[in-house]
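*Asks:* Show me how the following folds:
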Amino acid sequence: MLRTHKCGELTKKNLNEEVILSGWVHSRRDHGGIIFIDLRDRYGLTQIKFDPEINKDAWSEADAARSEWVLQVTGKVIARPDNMVNPKLATGEIEIEAISVEILNKSETPPFELNEEKVNEINEHIRLKYRYVDLRRQRMQHIMRMRDEITTYIRGFFHGLDFTEVQTPILANSSPEGARDFLIPSRFHPGKFYALPQAPQQFKQLLMVGGVDKYFQVAPCFRDEDPRADRHSGDFYQIDMEMSFAEQEDVWHVIENLMIEVIEKFSDMEIINKPFLRIPYMDCLTKYGSDKPDLRFGLEIELITDMVAGCGFSVFADMAAKEGHVVHALKVDGGAKFSRKEIDELTEVAKTKGAKGLAYIILKEGGELQSPIVKFLGDDLAKKIVDRLGAKAGDIVFFGADKFEVVWKALGAVRSDCGNRLGLKDDKKASLVWVVDFPMYEMSEIEPGRVDFSHNPFSMPQGGLKALQEKNPFDILAYQYDLAFNGYEILSGAIRNHNPEIMYKAFELAGYKQEEVDARFGGLINAFKFGAPPHGGSAIGIDRVLMILLGIDSVRDVYAFPKDGQGRDVMMDSPTVVDEKQLRELNIKLTKQS
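*Replies:* The predicted structure follows:
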């Protein structure tokens, strides 16, 4: 037997028991010839006392031991002296008086200290290269346990509602989910490729056709996207679900109950809006400058295009006169205290979103308006704008004037940054918002003048076939929805287009001929010809949910073995070069990059 107890569970109830513990040397201290070792496993720490007068051999082994060596210790549980009790440890009232010790394995000097207080000093590249060492930290152990507990709870939640868990294929077909596919060459079919699924979208819809009316899955997904703080490179996991004979309200009801239970059970966050708010997509962009608004704080953006039309300030007046251009304002309560340097920094934030600058008015005590633009606006108009916004002394008002897309992105980024600077993003609050009524189509960024799907091509258009036949494509809304949690998108979903006639027409407006639809999505659309039920669902980004609940800055830390910021696995040296034999088997020949 390598252990009788875990390192974190012994208390005074175990006094005088002979026990066996196994774990890693967390720290070693020599106090006047008596050696103390804190032995660690994933359950906690236990202090071991090695006294040469009690057992010389055990003391000698402890004297040789170093950090991260793996030991098995046999000893007796004794009470610590009163002045050595450590109330911060679950085992802080006891220690083990060592009888014998066996060195199970030695360790090289670790690349960094397993000290939670110093973890921010460690280079992330080093942490990821030696991830197996980093995982020994109590914080990382807690994250892994939380991930397991939440996933287990979610499985139980769906099973309790009579959902069936189904594993869908990993080797699949290419699908227009909005990102690049990872392609897998086929050895048996030269020149043809599988694709790793960006999501189980088509398969879960096929399950609905197959009569599996309530499906869910903890699904691995693969997208060749650039990594960022809230998006892992390459692969990620989502809680995928789909329901037959369901409308939006049915899906929302299930998801709201799930998220409320998970947040209240696994965090101390207060959900500030139950039921969750529902805000149309365009209202989100206009009021909050984001399609995933953080509503833990206010700071709403106001439309003032009508007020500045024809005014003396040409920067505003010219934008107000142009089609598709707007002038919006953002009042920041208490923002008058921002320094010149901070205002310059906020201006740079706006510029990263395409803005040419960031005009502002500071409201001083006594009603004075301090700004370079007041003399161009005129005192009367400036005061009218300030009055409409409800601004008061101590506030600052920022302005955006450009194309609508530039303005909402710029002021949205400024709003978020101000929320950080003013401490308005309370980590103890949970704001969940349904973003609804997404546009079905948008102008293609790649081919100007071409209509493209804006969200999910398999969504049902609001108004059905009639809307597709009679409306301007850019005026058609879809039964699509996202769920935003404290400024992060954690869910995307839709009521699906289950009718072949409507699907052909929807793709036709995006420039696809019927034969192209049949070629790319034949498996799905052919199935719909055999009696597909109305259905809809969603997918929760479980990695982002964990990141928010645990207060983690980077989503990479919720993975046991993440990629770095360049999409590399520095621990396993991946991606890597493969030999010529493997390439020949796949009928692939590499060309040198110029």
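
*Asks:* Quick check: which element contains the residue nearest to residue 334 when sequence neighbours are not counted?
*Replies:* Closest residue to residue 334 apart from its sequence neighbours, by C-beta to C-beta, 6 or more residues apart in numbering: residue 394 at 5.7 Å. Using the backbone N, CA and C atoms, a C-beta is placed for each residue, glycine as well. Using DSSP states H and E, residue 394 falls within no helix or strand.

*Asks:* Just to check, residue 394 is in contact with residue 331?
*Replies:* No: contact criterion C-beta atoms under 8 Å: residue 394 and residue 331 do not qualify, at 11.1 Å.

*Asks:* Who has more neighbours out of those two?
*Replies:* residue 331 (23 against 15; other C-beta atoms under 10 Å).

*Asks:* Not counting sequence-adjacent ones, nearest residue to the more buried one?
*Replies:* Per C-beta to C-beta, 6+ apart, closest to residue 331 is residue 389, 4.4 Å.

*Asks:* Over to residue 540?
*Replies:* Spatial nearest neighbour of residue 540, chain neighbours left out: residue 239 (4.1 Å); criterion: C-beta to C-beta, 6+ apart.

*Asks:* And the helices in the stretch 201-350 of the chain?
*Replies:* 201-209, 248-266, 281-288, 305-308, 314-321, 340-351 (DSSP state H, counting those that start in this stretch).

*Asks:* Am I right that residue 49 is in a strand?
*Replies:* Yes: counting by DSSP: H, G, I helix; E, B strand; the rest coil, residue 49 is found in a strand.

*Asks:* and it, what does it touch?
*Replies:* The contact partners of residue 49, by C-beta atoms under 8 Å, 6 or more residues apart in numbering, come to 34, 35, 36, 78, 95, 96, 97, 98.

*Asks:* rerun at 6 Å
*Replies:* By C-beta atoms under 6 Å, 6 or more residues apart in numbering, residue 49 lies in contact with 36, 95, 97.

*Asks:* A helix includes the second one, no?
*Replies:* Think residue 95. No: Residue 95 is assigned strand when assessed by three-state DSSP, not a helix.

*Asks:* and residue 387, what are its phi and psi?
*Replies:* Here is the backbone geometry of residue 387 (degrees, to the nearest 10): phi -70, psi -40.

*Asks:* where's it relative to residue 329, distance?
*Replies:* 12 Å (C-beta to C-beta, to the nearest Å).

*Asks:* of these two, who's got more company?
*Replies:* residue 329 (26 against 9).

*Asks:* these two touch, right, the more buried one and residue 302?
*Replies:* Yes: if you go by C-beta atoms under 6 Å, residue 329 and residue 302 touch, sitting 5.0 Å apart.

*Asks:* Need the overlap of contacts for the two.
*Replies:* By C-beta under 6 Å, 6+ apart, the residues touching both residue 329 and residue 302 are residue 389.

*Asks:* Let's see the longest helix belonging to the chain as PDB, backbone CA atoms only.
*Replies:* In the chain, taking DSSP state H as the definition, the longest helix is helix 138-160. Provided in PDB are the C-alpha atoms of helix 138-160 (Å, rounded to 0.1, in the frame of the first residue of the first chain):
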ATOM      1  CA  GLN A 138      -3.300  24.000  -6.000                       C
ATOM      2  CA  ARG A 139      -4.900  26.600  -8.200                       C
ATOM      3  CA  MET A 140      -4.500  24.400 -11.200                       C
ATOM      4  CA  GLN A 141      -5.800  21.400  -9.400                       C
ATOM      5  CA  HIS A 142      -8.800  23.500  -8.300                       C
ATOM      6  CA  ILE A 143      -9.500  24.500 -11.900                       C
ATOM      7  CA  MET A 144      -9.400  20.900 -13.100                       C
ATOM      8  CA  ARG A 145     -11.700  19.700 -10.300                       C
ATOM      9  CA  MET A 146     -14.200  22.600 -11.000                       C
ATOM     10  CA  ARG A 147     -14.200  21.700 -14.700                       C
ATOM     11  CA  ASP A 148     -15.000  18.100 -13.900                       C
ATOM     12  CA  GLU A 149     -17.700  19.000 -11.300                       C
ATOM     13  CA  ILE A 150     -19.400  21.500 -13.600                       C
ATOM     14  CA  THR A 151     -19.400  19.200 -16.600                       C
ATOM     15  CA  THR A 152     -20.700  16.400 -14.400                       C
ATOM     16  CA  TYR A 153     -23.500  18.600 -13.100                       C
ATOM     17  CA  ILE A 154     -24.500  19.800 -16.600                       C
ATOM     18  CA  ARG A 155     -24.700  16.200 -17.800                       C
ATOM     19  CA  GLY A 156     -27.000  15.400 -14.900                       C
ATOM     20  CA  PHE A 157     -29.100  18.500 -15.600                       C
ATOM     21  CA  PHE A 158     -29.700  17.400 -19.200                       C
ATOM     22  CA  HIS A 159     -30.300  13.800 -18.300                       C
ATOM     23  CA  GLY A 160     -32.900  15.000 -15.800                       C
END
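
*Asks:* average pLDDT for it?
*Replies:* For helix 138-160, mean pLDDT is 96.

*Asks:* and residue 550, how many neighbours does it have?
*Replies:* Neighbours around residue 550, by other C-beta under 10 Å: 17.

*Asks:* quick revisit: out of the contacts of residue 49, the closest to residue 148 would be?
*Replies:* Using C-beta to C-beta, residue 95 comes nearest to residue 148 of the contacts of residue 49, at 30.8 Å.

*Asks:* The residue lying closest to the closest one once chain neighbours are set aside - how many residues pack around it?
*Replies:* Counting by C-beta to C-beta, 6+ apart, residue 95 lies nearest to residue 47, which is 4.3 Å off, once chain neighbours are set aside. With neighbours defined by other C-beta under 10 Å, the count for residue 47 comes to 21.

*Asks:* Make residue 1 into 15 and carry on from there
*Replies:* New numbering, starting at 15: the last item is residue 61.

*Asks:* Distance-wise, check residue 61 relative to residue 80.
*Replies:* The value you get for residue 61 to residue 80, if C-beta to C-beta is used, is 17 Å.

*Asks:* go on, residue 68?
*Replies:* For residue 68, the distance to residue 80 - C-beta to C-beta - is 22 Å.

*Asks:* which of the two has more neighbours?
*Replies:* Taking neighbours as other C-beta under 10 Å, residue 68 and residue 80 compare with residue 68 leading, 15 against 12.

*Asks:* Low-confidence regions, the stretch 115-264 of the chain specifically.
*Replies:* Within the stretch 115-264 of the chain, the ranges that satisfy pLDDT under 70 run 189-192.

*Asks:* If you count neighbours, what's buried in the longest strand along the chain?
*Replies:* Longest strand of the chain, by residue count under DSSP state E: strand 32-45. For strand 32-45, a neighbour-count test (16 or more other C-beta atoms under 10 Å) marks 33, 34, 35, 36, 37, 38, 39, 40, 42 as buried.

*Asks:* so what does it touch, helix or strand wise?
*Replies:* Applying 3 or more C-beta pairs under 6 Å, 6 or more residues apart in numbering; DSSP states H and E, we find strand 32-45 packed against strand 48-55, strand 84-93.

*Asks:* Please identify the most buried of these.
*Replies:* Highest mean neighbour count among those (mean count of other C-beta atoms under 10 Å): strand 48-55, with a mean of 21.

*Asks:* Name the residues that touch it?
*Replies:* By C-beta under 6 Å, 6+ apart, the list of residues contacting strand 48-55 from outside reads 20-21, 35, 37-43, 59-65, 76.

*Asks:* ok, how many other residues are close to the residue nearest to residue 136 when sequence neighbours are not counted?
*Replies:* Distances taken as C-beta to C-beta, 6+ apart place residue 126 nearest to residue 136, at 4.7 Å, with adjacent residues excluded. Other residues within reach of residue 126, judged by other C-beta under 10 Å, total 16.

*Asks:* Shouldn't residue 126 be within a strand?
*Replies:* No: the assignment for residue 126, made by three-state DSSP, is coil rather than a strand.

*Asks:* isn't it right up against residue 135?
*Replies:* No: with contact defined as C-beta under 6 Å, residue 126 and residue 135 do not form a contacting pair (8.4 Å).
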